[in-house]
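K.L.:
got a predicted structure here, sequence first:
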Amino acid sequence: MSNNFKIIKFFNKIDTVNGKCEHCGQDSILVAVVTEFYRCTMCGEDTRQHINGSIRYLQVTEDEKKWLRNQPSEK
Ligand SMILES: [Zn+2]
C-alpha cells in the first residue's frame, strides 16, 4: 500500500484520539490535522504522533510547523 493512498483515505474522516499532550501535560483529546500530526484541544498546540511501543504526542519542530502550515486544509 502506498503512503499516498493512506493519506487520501485519512482525509475522508475526522480523526480524534485520546493522548497525553507534551505541551500542556494534560490527558487531552487530540484532533488529527494531517497524517501523524494532531492538535491538542486543551492548549491548541500541534503535536506529532510517535509510536514506539507506546504512543506519544511530541512537540513539533519549527521545520514541521512550517510544513504543516503549507498543507491544504481539508475543512
Ligand atoms: Zn496540550
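P.N.:
All right, it came through fine.

K.L.:
only C-alpha atoms for contact and neighbour calcs from this point on.
P.N.:
Fine.

K.L.:
make sure Leu58 is actually in contact with Arg48.
P.N.:
Yes. A contact is recorded between Leu58 and Arg48 when judged using CA atoms under 8 Å, the distance being 5.0 Å.

K.L.:
more crowded one of the two?
P.N.:
Taking neighbours as other CA atoms under 10 Å, Leu58 and Arg48 compare with Arg48 leading, 22 against 17.

K.L.:
how about that one, what does it touch?
P.N.:
Each residue near Arg48 by CA atoms under 8 Å, 6 or more residues apart in numbering is listed here: 36-38, 57-60.

K.L.:
let me know the closest of these to Ile14.
P.N.:
Nearest to Ile14 among the contacts of Arg48: Tyr38, at 10.9 Å, using CA to CA.

K.L.:
then stretch 60-75 to CSV, C-alphas only?
P.N.:
As requested, the backbone C-alpha atoms of stretch 60-75 are provided in CSV (Å, rounded to 0.1, in the frame of the first residue of the first chain):
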residue,chain,number,x,y,z
VAL,A,60,6.7,19.6,16.7
THR,A,61,9.9,21.2,15.4
GLU,A,62,10.0,24.5,13.7
ASP,A,63,10.5,22.8,10.3
GLU,A,64,7.5,20.6,11.0
LYS,A,65,5.4,23.6,11.9
LYS,A,66,6.3,25.2,8.6
TRP,A,67,5.5,22.0,6.7
LEU,A,68,2.1,21.8,8.5
ARG,A,69,1.2,25.4,7.5
ASN,A,70,1.8,24.5,3.9
GLN,A,71,-0.7,21.6,4.0
PRO,A,72,-4.1,22.1,2.4
SER,A,73,-6.8,22.2,4.9
GLU,A,74,-9.5,19.5,4.5
LYS,A,75,-12.0,21.5,6.5
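
K.L.:
hey, where'd the helices end up in the chain?
P.N.:
Counting by DSSP state H, one finds helices in the chain at the ranges 3-11, 62-69.
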